[in-house]
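>>> Show me the folded form of this:
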Amino acid sequence: MSIKKQYQTIHAMLTDITGTKLTKAKFAELEKLMTSKTMAKTFKKDEDGNVTHVYCYYHKEWEDVSEVPYGAKASTAHGYNTMCKQGVSNWTRQQRLMKQAKADLLEDIANGKIEATDLAGHIAKIEEEAKTIVAL
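Here you go, the predicted structure:
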């Protein structure tokens, strides 16, 4: 486990006083808060420092930026969006359809087409469909 630099002194002090059950439980919580949450890089560069691949958040795979179009995003370390253009389009469409399906579901309940007790099952099905990944 990697402790953040600013918490190393506190971590060392608390390690010395973990004698009681209560302290051990609290220490475990503090240690979880202090643990570094650094993520792996979501992009790859060539020898010249040019970005060659980006891990697409939508498709959950590495994509070559010369083959798959990515939008620009200045706030990321690599300068590209976290999803390819196709992924953004698919994700946006799925979110819109899920929102509409939920609205239609409430209308069906109001009209008596669906029982209110069945609502949770229908919502779970709609949300599961929205998670479907459309391949490139």
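>>> CA only for contacts and neighbour counts going forward, please
OK.
>>> can you give me the helices in this structure?
8-16, 21-34, 85-111, 119-130 (DSSP state H).
>>> and these, which one is worst for confidence?
Mean pLDDT values for the helices of the chain show the minimum at helix 21-34, a mean of 72.
>>> Just want to check the distance between residue 77 and residue 45.
11 Å (C-alpha to C-alpha, to the nearest Å).
>>> and if you look at residue 64?
11 Å.
>>> Need the overlap of contacts for those two.
The contact sets of residue 64 and residue 45 overlap at 52, 53 (C-alpha atoms under 8 Å, 6 or more residues apart in numbering).
>>> Compare the two (neighbour count), which wins?
The neighbour count for residue 64 versus residue 45, taken as other C-alpha atoms under 10 Å, is higher for residue 64 (17 against 12).
>>> For the nearest residue to that one once chain neighbours are set aside, list each beta-bridge partner.
The shortest distance from residue 64 to any non-neighbouring residue, by C-alpha to C-alpha, 6 or more residues apart in numbering, is to residue 53 (4.4 Å). Applying DSSP bridges to residue 53 gives these bridge partners: residue 44, residue 64.
>>> Identify the residues contacting residue 53.
With C-alpha under 8 Å, 6+ apart, residue 53 has these contacts: 43, 44, 45, 62, 63, 64, 65.
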